[in-house]
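I'd like to go over a predicted model; first the sequence, then the structure.
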Amino acid sequence: MYKILVIDDDTAIQELLKRVLRKQGYEVTVASNGEEGFEQAKILQPALIICDWIMPRLTGIEVCRRVKASSELSTTFFILLTSLGTTKDRVEGLDGGADDFISKPIEMNELKARVRAGLRLHQLSQDLQTQKQLIEAELAEAADYVRSLLPEPLTKPVKIESEFIPSRKLGGDCFDYYWLDENYLAVYLLDVAGHGLRAALPSVSVLNLLRSKAIPNLDYHQPSDVLRALNNTYQITYQNDKYFTIWYGVYNFSQDELVYASAGHPPAILISGDGQQTQANKLKTPGMPIGMFPEATYVDNSCLVEKSSSLYIFSDGVYEISLSEEEIWGIDNFINIILEYHRYGSCDLNKILDYVRELNCSDVFSDDFSLLKVVFG
C-alpha cells in the first residue's frame, strides 16, 4: 500500500483528498501546515506528497525544496496543489523541485490519474535506486578483490611499501613485486588507459598472467622480453581498445644491479646519497605503450644501486594534479618534493600522499594514485 501525505491548511481540502485517495487503496496522512508536513514526511517517508502552494509560515515551494534536499525523501513524488496558473509560476515550481501540478478547483479524475502516474515514477525511481545500490555493492566487492591481489609489504632484504588509491571504486593501476628466485626481485607498476571496471579487468589479467608465469618460453629476468611478450598478448584490437603503460625492473641482489625497461610509463626515480648530496636519477627506456602497435620494440637499461638508496615507481596520477584550469603540478615538482624529504629526513609515503591530497584540495583524485617505494640494502 503506497503512503500519500497531504499538506494543506484547508481542512475541507484535507478531508476531500483523504476520502478520495483512501477509496483508491492508498494509506493517507494529512498535515495542516508546511512545517508539520515536512516533519511527517521524514517519519512516514511517503511515496507521494500533495502539498498546497500557498500556506502561512512555510509555503509549498519551501516544503518541496526541503523534501528534495533530503536523501531519504529524494525519490518522493511531489505534487503542488495551486490556483496559480501562469507559466512563470510553473517555472518557479519546477525550479523548486516539484514533479507535477494540480490546479484548483480540483478535478477528481485528473487527480487520480496524476497520482497513479506519480506513483509509477516513484516506483521506477525506487527500482533504479535499488539497482544502483546492488551495482555499488558488487563494485565494492570487486574493489576488495583487486586489493586482495596486491602484494603485502616486504621488509627484508629489500623493503617495499605502497600507496594505492583508485579514482573510482575500481581503477586501472596495478602493481606487483616478488622474488623470481633467491637472488632476483621483479617489480613493476602498470596503468591501463581509462578508469573503472573496463580498466580494472585488463590490469588484473596482466597481474595474474605475470604472477603465474603463464607465458611460455619467456625469461622473466629480462624486462624487455617481458614487455615484448605482453605487447604480443594484449593488442588493443583484442582487448576492448584498452592499452596500458608499464615500468618493469629486475633487481640482482648479489650484484646490486637493477635492469629495467618501460613502455610509455613515467620514469622510476632512484634516490641516492645523503643529506644535501642526495640525487635523483630518472630510470626510463623508450617504448610505446603495451597494445598500441604489434611491431613496437623495447630495450633494457641497467644501473648499479647503492645500499640504502630508494626507488620510487608511480603512475601519472601521482603528479598530474590540476592547480588551476591551465596549470598541472607536474613530475618535476613531484621529484623535488621527494628530494626535499630525503634531504631533511626520511621520505614517508604517507607524507607524500598528504602533500598531494592538499594540492588536490580533495581526497578524491581524478586519476588513480599508485606509488611504490623500494629501499635497497
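Yep, it's here.

Now do the SS call for the residue sitting furthest away from the middle of the chain.
In the chain, Ala12 marks the outermost C-alpha relative to the chain mean, sitting 51.7 Å out by CA atoms, centre = their mean. Secondary structure, DSSP: H, G, I helix; E, B strand; the rest coil: Ala12 is helix.

That one and Arg120, how far apart?
Ala12 sits 29 Å away from Arg120, going by CB to CB, to the nearest Å. C-beta: built from backbone N, CA, C; applies to glycine.

and what of Ala268?
In this view, Ala268 and Arg120 are 58 Å apart by CB to CB.

again with Ser71
Using CB to CB, one gets 22 Å for the distance from Ser71 to Arg120.

Please say which of the two ends up with more neighbours.
Using other CB atoms under 10 Å as the criterion, Ser71 and Arg120 rank with Arg120 on top: 11 against 6.

what helix or strand is that one on?
According to DSSP states H and E, Arg120 maps onto helix 108-149.

just how off-centre is that helix within its chain?
Remark: helix 108-149 is offset 20 Å from the chain centroid, using CA atoms, centre = their mean, to the nearest Å.

and it, average pLDDT?
Computed over helix 108-149, the mean pLDDT rounds to 89.

other SSEs contacting that helix?
Secondary-structure packing of helix 108-149 (3 or more CB pairs under 8 Å, 6 or more residues apart in numbering; DSSP states H and E): helix 11-23, strand 48-52, strand 77-82, strand 100-103, helix 197-212.

immediately after it, which helix or strand?
strand 159-165.

CA atoms of whatever helix or strand comes next after that next one as CSV?
Remark: after strand 159-165, the chain's next helix or strand is strand 173-179, criterion DSSP H and E. What follows is strand 173-179, C-alpha atoms only, in CSV (Å, rounded to 0.1, in the frame of the first residue of the first chain):
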residue,chain,number,x,y,z
ASP,A,173,46.5,0.8,-12.0
CYS,A,174,48.1,-2.3,-10.7
PHE,A,175,51.5,-3.4,-9.3
ASP,A,176,53.3,-6.4,-8.0
TYR,A,177,56.7,-7.5,-6.7
TYR,A,178,58.1,-10.9,-5.9
TRP,A,179,61.3,-12.9,-5.9
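
List the buried residues for strand 173-179?
Using 16 or more other CB atoms under 10 Å as the test for burial, strand 173-179 gives Asp173, Cys174, Phe175, Asp176, Tyr177.

ditto for stretch 281-288
Here stretch 281-288 shows Leu283, Lys284, Thr285, Gly287, Met288 as buried, counting by 16+ other CB under 10 Å.

which residues sit against it?
224, 227, 247, 249, 258, 260-270, 272, 296-301, 303, 311, 335 (CB atoms under 8 Å, 6 or more residues apart in numbering).

Where does pLDDT dip in the stretch 151-300 of the chain?
238-240 (pLDDT under 70).

what about stretch 262-271, distance to the chain center?
Chain-centre distance of stretch 262-271: 25 Å, with CA atoms, centre = their mean.

Dump it to PDB, restricted to CA.
Extracted as PDB, the C-alpha positions of stretch 262-271 are listed here (Å, rounded to 0.1, in the frame of the first residue of the first chain):
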ATOM      1  CA  SER A 262      59.500   0.800 -19.700                       C
ATOM      2  CA  ALA A 263      56.600   1.100 -22.200                       C
ATOM      3  CA  GLY A 264      55.300   4.700 -22.300                       C
ATOM      4  CA  HIS A 265      55.300   4.900 -18.500                       C
ATOM      5  CA  PRO A 266      56.700   7.700 -16.300                       C
ATOM      6  CA  PRO A 267      60.300   7.100 -15.300                       C
ATOM      7  CA  ALA A 268      61.100   5.500 -12.000                       C
ATOM      8  CA  ILE A 269      63.100   7.700  -9.700                       C
ATOM      9  CA  LEU A 270      66.200   6.400  -8.000                       C
ATOM     10  CA  ILE A 271      67.300   8.500  -5.000                       C
END
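
what are the ranges of the helices in the stretch 251-377 of the chain?
Secondary structure of the stretch 251-377 of the chain (DSSP state H, counting those that start in this stretch): helices at 331-343, 349-360.

and the shortest one, what does it pack onto?
Applying 3+ CB pairs under 8 Å, 6+ apart, we find helix 349-360 packed against strand 159-165, helix 331-343, strand 369-375.

Tell me what angle the second one forms with helix 349-360.
Calculated by axes from the mean of the first three to the mean of the last three CA atoms, to 10 degrees, helix 331-343 forms an angle of 140 degrees with helix 349-360.

and helix 331-343 with strand 369-375, angle?
Angle of helix 331-343 versus strand 369-375, following the same axes, to 10 degrees, is 40 degrees.

Centre of the chain to helix 331-343, how far?
27 Å.

list the buried ones in it?
Judged by neighbour count using 16+ other CB under 10 Å, the buried positions of helix 331-343 are Ile331, Phe334, Ile335, Ile337, Ile338, Leu339, Tyr341, His342.

Now pLDDT too, for those residues, in a markdown table please.
Shown next, in a markdown table, are those (pLDDT from 0 to 100):
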| residue | pLDDT |
| --- | --- |
| Ile331 | 95 |
| Phe334 | 95 |
| Ile335 | 94 |
| Ile337 | 93 |
| Ile338 | 93 |
| Leu339 | 91 |
| Tyr341 | 89 |
| His342 | 88 |
